[in-house]
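1. Provided below are the primary sequence and the corresponding predicted coordinates.
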Amino acid sequence: IYNSYIKQWYQRRVRGLPGLGFTATPTVPGVSPTVIAAIYSTLMQRLGYTKYVVHGGDWGSIIGQLLTAMYPEQVIGLHITMNRFSTGARAILQTAIGTVLPGLVYKSKKEEAFMHPIGGLSTRMYKQMAYFHAQSVMGDSIGYGMTDSPTGLIGWIGTCFSLASSSRDPECTVERLLE
């Protein structure tokens, strides 16, 4: 990639997550996001990169943030598409309950507005996170279906696309999705 502003070339290395897409499924238990971050650091060192920029989306966002926290001397920039907040059990439970029944969790409307600034969107997202659960518990099944069948792939992409856009949007059509 050439940056014409500073007249410098960049190389891009794209690595898939273990077990997703065309990558092999780990053969040992315990390959967590933290372990994957360590693997990626080792990979970049073996490729000869001492400093690099990380990009991640979905699970890659979590791994990218871990990579940046664990190896700050290597990662000089981070671009993510999903911000990760606290993942402790208490924080997750408080967020879930506060999304549906805010009166049980927050002391005031001001605190509720601070924690859920986009109101109903939080509730909608919470209720429509089934895709996240499906990917978590049966990722291989979904992966094989999408790899083996163009119909399976367009069905999954269509579902995720429709959840992320307004069903009342006249521009949200199959033809637009296929563009």
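-> Cool, the structure landed. Keep in mind the model is a prediction, meaning the values are calculated, not measured.
2. Quick check: phi and psi at Tyr52.
-> phi -160, psi 170 (degrees, to the nearest 10).
3. give the contact list for it.
-> Arg13, Met44, Gln74, Val75, Ile76 (CB atoms under 8 Å, 6 or more residues apart in numbering). (C-beta placed from N, C-alpha, C; glycine too.)
4. Kindly state the pLDDT recorded for the closest residue to the last one other than its chain neighbours?
-> Sequence neighbours aside, Lys51 is the residue nearest to Ile76 in space, at 5.0 Å (criterion: CB to CB, 6 or more residues apart in numbering). Among the per-residue scores, Lys51 holds a pLDDT of 93.
5. Burial check on Lys51, number of neighbours?
-> Applying the criterion other CB atoms under 10 Å, we find 10 residues in the vicinity of Lys51.
6. Could you do Ile142 as well?
-> The burial count for Ile142: 17, using other CB under 10 Å.
7. circling back to that earlier point, just the buried ones from the contacts of Tyr52?
-> Neighbour-count burial (16 or more other CB atoms under 10 Å) applied to those gives Met44, Gln74, Val75.
8. Return the subset of these lying in helices.
-> Met44 (DSSP state H).
9. quick one: which of the buried ones among the contacts of Tyr52 is nearest Lys109?
-> Closest to Lys109 out of the buried ones among the contacts of Tyr52 is Val75 (39.3 Å), distances taken as CB to CB.
10. ok, that closest one touching Gln65?
-> No. Between Val75 and Gln65 there is no contact under CB atoms under 8 Å: 9.8 Å.
11. Would you mind putting the contacts of Tyr52 into JSON lines with distance to Ala134 alongside?
-> Shown next, in JSON lines, are the contacts of Tyr52 (distance: CB to CB, whole Å):
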{"residue": "Arg13", "distance to Ala134": "29"}
{"residue": "Met44", "distance to Ala134": "31"}
{"residue": "Gln74", "distance to Ala134": "34"}
{"residue": "Val75", "distance to Ala134": "31"}
{"residue": "Ile76", "distance to Ala134": "35"}
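12. just checking, which of these belong to strands?
-> Judged by DSSP state E, these include Val75, Ile76 as members of strands.
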